[in-house]
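Q: no sequence for this one, just the structure:
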């Protein structure tokens, strides 16, 4: 009976040792596979976050060094966990670097040339400015007799168009910007509508 108990204990110990050895072997293989995959990923990602003529971002360099510095000491399972942590840091650094490179490339592509100005105007302002430009063009024609007229619908309409013109003028550099046109428009609105408001009151 004692012999059977000893054999059972030995078999259990052998099974535990075999299982532990298998787990350790699997963890080592997993760690080796992660290291190889990481080397390939680092090699392939370089073109996405590196900018020609500039050194790689410091965060990415530090993250790569951190991944390479993971030494398989201690239990293989803990080494895998440490490797996971370093890979998360590496992924975050590479993601930020790729975003910055893409943002900078988009900003350079979308930015106007030094002698150009780009405006963001609501569609209503663009329509008002287009109608005013057409009216001014027609008035500049030599054969214009001023028979057709265009008027504001009221004070609110005049102020809306004045704001649209203000936005347009403020986009012009200071050296070329027309002087006091905004003040003149405000004065014209006051001179026309304020006396009528007082009379109606």
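A: Yes, it's here. Quantities reported herein were computed from a predicted structural model and do not represent experimental measurements. Numbering: from 1, shown residues only.
Q: Wait, residue 82 touches residue 70, no?
A: Yes - Residue 82 lies in contact with residue 70 (CB atoms under 8 Å); the separation is 5.4 Å. (Glycine included, C-beta is placed from N, CA and C.)
Q: shared neighbours of those two, anything?
A: Residues within reach of residue 82 and of residue 70 at once, by CB atoms under 8 Å, 6 or more residues apart in numbering: there are none.
Q: domain ranges for this protein?
A: 2-110, 123-200 (automatic domain parsing).
Q: Where among these is average confidence lowest?
A: With a mean of 76, domain 2-110 has the lowest mean pLDDT of the domains of the chain.
Q: which one of the domains of the chain lies closest to residue 116?
A: Closest approach to residue 116 among these is made by domain 123-200 (10.7 Å; CB to CB).
Q: which SSE is the residue nearest in space to the middle of the chain in?
A: The structure's the chain has its C-alpha centroid closest to residue 103; by CA atoms, centre = their mean the separation is 5.6 Å. If you go by DSSP states H and E, residue 103 is part of helix 76-110.
Q: what does residue 191 give?
A: Assigned by DSSP H and E, residue 191 falls in helix 181-200.
Q: who touches residue 90 in this structure?
A: 38, 42, 60, 63-64, 66-67.
Q: got it, and residue 169?
A: With contact set as CB under 8 Å, 6+ apart, residue 169 has these partners: 177-178, 181-182.
Q: In PyMOL, select just the buried ones from those residues.
A: Of those, the buried ones go into a single PyMOL selection, burial set by 16 or more other CB atoms under 10 Å:
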select buried, resi 182
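Q: Dump the contacts of residue 169 into JSON lines; add distance to residue 152 as well.
A: Output for these, formatted as JSON lines (distance: CB to CB, whole Å):
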{"residue": "177", "distance to residue 152": "24"}
{"residue": "178", "distance to residue 152": "21"}
{"residue": "181", "distance to residue 152": "17"}
{"residue": "182", "distance to residue 152": "16"}
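Q: Please enumerate the helices of the chain.
A: All helices of the chain, identified by DSSP state H, fall at 2-49, 58-68, 76-110, 123-140, 155-170, 181-200.
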